[in-house]
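K.L.:
fold the following, please.
(chains A, B, C and D)
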2 protein chains.
Amino acid sequence: MTPANDTRDRILEAARQLFLAQGYTATGIAQILKHADAKSGSLYYFFPTKEDLLLAVLERYKELLWPLVIQPVFDRVADPIERIFGILDGYRRMLLMTQFTHGCPIGNLALEMSEVSPGARQLIAENFTGWRKAVERCLDEASDRLPEDVDRAALAAFVLTVMEGGMMQARAYRSIEPFESAVLLLRDYIDRLLAHGTQWGGSPDDELPARWREN
Amino acid sequence: MTPANDTRDRILEAARQLFLAQGYTATGIAQILKHADAKSGSLYYFFPTKEDLLLAVLERYKELLWPLVIQPVFDRVADPIERIFGILDGYRRMLLMTQFTHGCPIGNLALEMSEVSPGARQLIAENFTGWRKAVERCLDEASDRLPEDVDRAALAAFVLTVMEGGMMQARAYRSIEPFESAVLLLRDYIDRLLAHGTQWGGSPDDELPARWREN
DNA sequence: CATACTATTGATTGATCGTTCAACTTAATC
DNA sequence: GATTAAGTTGAACGATCAATCAATAGTATG
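P.N.:
Take a look at the predicted model:
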């Protein structure tokens, strides 16, 4: 039992949720206080400015990456390549559960805050890097199946690219289809890398839907 | 010479630029008026609410897509596949010219406004669709080089996915590298589609950088 | 109990938010 | 030149914004 900074945690969590749901600028201090059931003095006691609160939220996301995003997938999926698609499936689930209202928290803040807050930009980049590294480690584990000349760091970044771009379209269209389609094509691309130009001659669009969803 | 709605155009253009640079919520009416050298009464004479102004901006982007984004590329590039990468190169140039402060206008608004404004969400989706259709038409033109079972609509959406995801990372890292890398891997994927599993046995990472940049 | 430090309260600040509107000017129509 | 309509002005509105701070309460140490 940590009596600890109960209030601080509640404020941080409320800010995290509201920034995720509405963005940083659109979220007012008063709204955060209401959700956290705290008073403005408490907030400013722990966080000197609203921007400092944002930075703390971004630090929190760095902490949450492994236990919330990566570990649960690794626990139930063993194959390194399937682990990557398992992570992507987590975001697919989030889209569906929230009915496309919640996207990637980092991606949202990346577009909103990268220019205006240098500190936030730095932490956003660190969050991206942590995510990429997790994927890259999967690719390293599967390196025996990949051509040796594949740039695994670049491919990991590409996975993030597809995730972010796919989520953006899914939210714009309020449909899971663009996200699933993007992941499907990423799967096709990686399959072709794995095959390494030797086999594969059939119809990718016919066989892939069957393979997809097995993780 | 259209005396026309000079003031309306100035307000619309100022709003477009400011929404692009700072987002919708972070841009105040007062700031728009200052940039447009207009008074609040004029703005509200043409646009009943701030949201209506946003909708007009999004309509404007729909109009600008062809003359500003597509046509210039089509004018100097003939090959349909290279036209796609020419369009992507336009966004690469924008990132560099603005030092990563300006991303895709539609993508930014997609994440910020999709949930809060149904009208905006609709127009954002229409902007995306127009963009995808332009790319899809290129793919149709090159259909003789592509396997017939390739889903060209899905591939066009994938191009948009890579563009948006790549720009997001470029802005977060303040570096063109993530964008270029993403486009490079997209190029590799499309090359493999074009090759259709017959030839291709070399090192894609070695040969692609040479081909890239020729459009 | 006293001292010191941490934490919490909430009324209040000045600035800025989007928006309104009655008065006014300009341009076109008859 | 009178009438009508289109466009413009800017002061003012209430609401909300992020932020402040003196006062108070709680808790731990001596």
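
K.L.:
contacts, neighbours, all on C-alpha from now
P.N.:
OK.

K.L.:
could you pull out the helices for chain A?
P.N.:
Along chain A, the segments classed as helices by DSSP state H run A:6-22, A:29-36, A:40-46, A:50-64, A:71-76, A:80-97, A:105-113, A:118-141, A:152-173, A:177-195, A:204-211.

K.L.:
okay if I get those as CSV plus distance to residue B:157?
P.N.:
Putting these into CSV (distance: least, C-alpha to C-alpha, whole Å) gives the following:
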stretch, distance to residue B:157
helix A:6-22, 25
helix A:29-36, 37
helix A:40-46, 43
helix A:50-64, 29
helix A:71-76, 27
helix A:80-97, 17
helix A:105-113, 19
helix A:118-141, 23
helix A:152-173, 9
helix A:177-195, 7
helix A:204-211, 15
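
K.L.:
flag every residue of chain A that's near DNA strand D.
P.N.:
Those residues of chain A that sit near DNA strand D, judged by C-alpha under 7 Å from any atom of the strand, are A:25-31, A:40-41, A:44, A:48-51.

K.L.:
could you rerun that using 10 Å?
P.N.:
Residues of chain A lying near DNA strand D by C-alpha under 10 Å from any atom of the strand: A:2-4, A:24-33, A:39-45, A:47-53.

K.L.:
buried subset of those as a PyMOL selection?
P.N.:
Those of the residues of chain A next to DNA strand D that count as buried under 16 or more other C-alpha atoms under 10 Å in any protein chain shown are selected in PyMOL with:
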select buried, chain A and resi 24+25+27+32+33+43+47+50+53
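
K.L.:
quick one: contacts for residue A:126?
P.N.:
Applying C-alpha atoms under 8 Å, 6 or more residues apart in numbering or on different chains, we find residue A:126 in contact with residue A:62.

K.L.:
and it, what pLDDT?
P.N.:
The predicted structure scores residue A:126 at 98 on the pLDDT scale.

K.L.:
neighbours of the nearest residue to residue A:69 once chain neighbours are set aside, how many?
P.N.:
The shortest distance from residue A:69 to any residue that is not its chain neighbour, by C-alpha to C-alpha, 6 or more residues apart in numbering or on different chains, is 6.9 Å, and that residue is residue A:87. Neighbours of residue A:87 under the rule other C-alpha atoms under 10 Å in any protein chain shown: 21.

K.L.:
need the residues that contact stretch A:5-19.
P.N.:
A:24, A:27, A:32-33, A:35-36, A:38, A:42-43, A:46, A:53-54, A:56-57, A:105.

K.L.:
anything in it near DNA strand C?
P.N.:
Yes. Judged by C-alpha under 10 Å from any atom of the strand, stretch A:5-19 and DNA strand C are in contact via A:5, A:6, A:7, A:8, A:9, A:10, A:11.

K.L.:
return the set of buried residues in that stretch.
P.N.:
With the criterion 16+ other C-alpha under 10 Å, stretch A:5-19 contains buried residues A:7, A:8, A:10, A:11, A:12, A:13, A:14, A:15, A:16, A:17, A:18, A:19.

K.L.:
circling back to that earlier point, worst mean pLDDT among the helices of chain A?
P.N.:
Out of these, the stretch the model trusts least by mean pLDDT is helix A:204-211, with a mean of 41.

K.L.:
among the contacts of stretch A:5-19, which are in reach of DNA strand C?
P.N.:
A:33, A:36, A:38, A:42, A:43, A:46.

K.L.:
dump the residues you listed to JSON lines, plus distance to residue A:144.
P.N.:
Listed next are those as JSON lines, based on distance: C-alpha to C-alpha, whole Å:
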{"residue": "A:33", "distance to residue A:144": "52"}
{"residue": "A:36", "distance to residue A:144": "49"}
{"residue": "A:38", "distance to residue A:144": "54"}
{"residue": "A:42", "distance to residue A:144": "54"}
{"residue": "A:43", "distance to residue A:144": "51"}
{"residue": "A:46", "distance to residue A:144": "49"}
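
K.L.:
so which of these is the closest to chain B?
P.N.:
Nearest to chain B out of those is residue A:33 (C-alpha to the nearest C-alpha; 20.4 Å).

K.L.:
count the residues that sit near the nearest residue to residue A:181 once chain neighbours are set aside.
P.N.:
For residue A:181, the nearest residue in space outside its immediate sequence neighbours is residue B:154; the separation is 6.4 Å by C-alpha to C-alpha, 6+ apart. For residue B:154, the number of neighbouring residues by other C-alpha under 10 Å comes to 18.

K.L.:
roughly how far apart are residue B:154 and residue B:160?
P.N.:
To residue B:160, residue B:154 is 10 Å away according to C-alpha to C-alpha, to the nearest Å.
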